[in-house]
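Q: Sharing a sequence plus its predicted fold:
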Amino acid sequence: MFTVNDILFMLVAMLAIFIQSLVGFGGNPIAMPPGILLVGVGIAKPVLTILACIIGILVAAKEYKHINWKELGKMSAVMLAGVILGIFVFKSVKLDFLLIAYALVVIAIGVRKLFFPPKKEASEAVKYTALGLAGLMQGLFVSGGSFLAVYSTAKLKDKQEFRATSNAIWGIINVFMIVTYFIDGTMTKDVGVISAICIVPALVIAWLAGLLSRKINKQTFLKIAYVMIIASGASLLVSYLL
């Protein structure tokens, strides 16, 4: 029997899929903070990982001709190292501290993107650092998309190449994370049931977002998404500080 919190979390997860599919990133930084408050990190993290993994693999399979395999290899190697570190930190550091730090990072990402957009392309050192941080944040709270965008937008100029390669990397990274969930017992019955219920709606929403992406002003929508990211992080921060 599902609780009100379970249903609200599933709605939040669908919002994350819509935003992720529409603009390419930002879904999980919006969904994870309320997800943690609604159902706990033990359910929110694996469910969002599973949904992102399925959509990433399907989009990559459909667009495989546009995948930049050289960049995919580099991105996978750097990000997997970051993911492994993130998983280790998640299991080693007190959760309350991590949640407060995560909330601050989410708020900082939203503020940075909304009020201080970069005016020039980042240096190679910054790009690879962002790639490592993308893996770290993915391993911690499946929220590496904003950092990955720093690297991928600079390296993948073609729109189709960006979409195909970015989804391929999420497929690879999230498959790895799902394997770790089975190993450490995170993949519970509740996680499986909620994920199964969300799969079909998530696919429909991702398809609709793909259609809408051609008609919606993405810059305006991005600003709305950044405001939502800030509000999401702030809600988590306030809940753990008060």
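A: Ah, there it is. Residues are numbered from 1 along each chain as shown.

Q: Apart from its neighbours in sequence, what residue is nearest A60?
A: A168 (3.9 Å; CB to CB, 6 or more residues apart in numbering). Using the backbone N, CA and C atoms, a C-beta is placed for each residue, glycine as well.

Q: And that neighbour, how far from A130?
A: Distance, A168 to A130, using CB to CB, to the nearest Å: 18 Å.

Q: Neighbour count: those two, which is higher?
A: Between A168 and A130, counted using other CB atoms under 10 Å, the more crowded position is A168 (25 against 20).

Q: got the contact list for stretch 55-68?
A: Residues from elsewhere that reach stretch 55-68, judged by CB atoms under 8 Å, 6 or more residues apart in numbering: 17, 20-21, 155-156, 158, 160-161, 163-165, 167-171, 174-175, 202-203, 206.

Q: Buried residues, that stretch. List them.
A: I55, G56, I57, V59, A60, E63, H66, I67, N68 (16 or more other CB atoms under 10 Å).

Q: Per-residue confidence, the third one, what does it come out as?
A: Read it as I57. Note on I57: pLDDT of 89.

Q: tell me which element it is part of?
A: Secondary structure from DSSP states H and E places I57 in helix 41-62.

Q: Please identify the buried residues of the worst-scoring helix or strand of the chain on mean pLDDT?
A: Lowest by mean pLDDT, DSSP states H and E among the helices and strands of the chain is helix 218-241, with a mean of 77. Judged by neighbour count using 16+ other CB under 10 Å, the buried positions of helix 218-241 are 221-222, 225-226, 228-230, 232-237, 240.

Q: same deal with stretch 4-18?
A: Of the residues in stretch 4-18, those buried (16+ other CB under 10 Å) are D6, F9, M10, V12, A13, M14, L15, A16, I17, F18.

Q: what angle separates the helix or strand where the first one lies from helix 218-241?
A: Read that as D6. Element membership for D6 (DSSP H and E) is helix 4-23. Relative orientation of helix 4-23 versus helix 218-241 (axes from the mean of the first three to the mean of the last three CA atoms, to 10 degrees): 150 degrees.

Q: Can you name every helix or strand that helix 4-23 contacts?
A: Using 3 or more CB pairs under 8 Å, 6 or more residues apart in numbering; DSSP states H and E, the elements in contact with helix 4-23 are helix 27-39, helix 41-62, helix 189-212, helix 218-241.

Q: circling back: closest to G86 among the buried residues of stretch 55-68?
A: Distance to G86 across the buried residues of stretch 55-68 (CB to CB) is lowest for G56, with 17.8 Å.
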